[in-house]
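In: need coordinates for the below:
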Amino acid sequence: MKPHLIDNLVSYSLKGGFPQFVFIIALLLGAIALTYTPREEEPQIVVPMIDVWVDVPNLSARQVERQVTVPLEKLLKQVPGA
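Out: As a prediction, this is how the structure comes out:
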C-alpha cells in the first residue's frame, strides 16, 4: 500500500527540527504571557447574593410559587442595597 501525501508530510516534518522549534517558542511565549499578565491573589469583588431556603412539604410547584416565592420576592426587594 502506497503512503498518502499527508503521511509523507507528517513524517517529513517530524524528522526535522521544526516541531521542536515550535514547541520551544510556545513555551517561551507562554512564560512571557504569565509574567506580564496582571493578576491579583484576592480581588476585591463585591457580589451581592443571598440564598433563601424554604421547606414547604406537600405543595405543588404552582402553590409554592404563589404562596412562597412571590411574597418572598416582594419582601426581599425592600431590603436596602438589593
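In: what's stretch 37-56 in contact with?
Out: 63-64, 67-68, 72, 76, 81-82 (C-beta atoms under 8 Å, 6 or more residues apart in numbering). The way it works is simple: take the backbone N, C-alpha and C, and place the C-beta from them, glycine included.
In: counting by contacts, list what the helix or strand of the chain with the lowest mean pLDDT packs against.
Out: In the chain, no helix or strand scores lower on mean pLDDT, DSSP states H and E than helix 5-15, which sits at a mean of 80. In this structure, helix 5-15 makes packing contacts with no helix or strand, judged by 3 or more C-beta pairs under 8 Å, 6 or more residues apart in numbering; DSSP states H and E.
In: chain center to that helix: distance?
Out: 37 Å (C-alpha atoms, centre = their mean, to the nearest Å).
In: tell me the secondary structure for residue 66?
Out: Here residue 66 is recorded as helix under DSSP: H, G, I helix; E, B strand; the rest coil.
In: low-confidence stretches in the protein?
Out: 1, 82 (pLDDT under 70).
In: break it down into its structural domains.
Out: 5-36, 51-82 (automatic domain parsing).
In: need the ones you listed in a markdown table (columns: distance to residue 43 and mean neighbour count).
Out: Converted to a markdown table, those look like this (distance: least, C-beta to C-beta, whole Å; neighbours: other C-beta atoms under 10 Å):
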| stretch | distance to residue 43 | mean neighbour count |
| --- | --- | --- |
| domain 5-36 | 18 | 10 |
| domain 51-82 | 20 | 9 |
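In: export those as TSV, with columns for distance to residue 44.
Out: Converted to TSV, these look like this (distance: least, C-beta to C-beta, whole Å):
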stretch	distance to residue 44
domain 5-36	22
domain 51-82	17
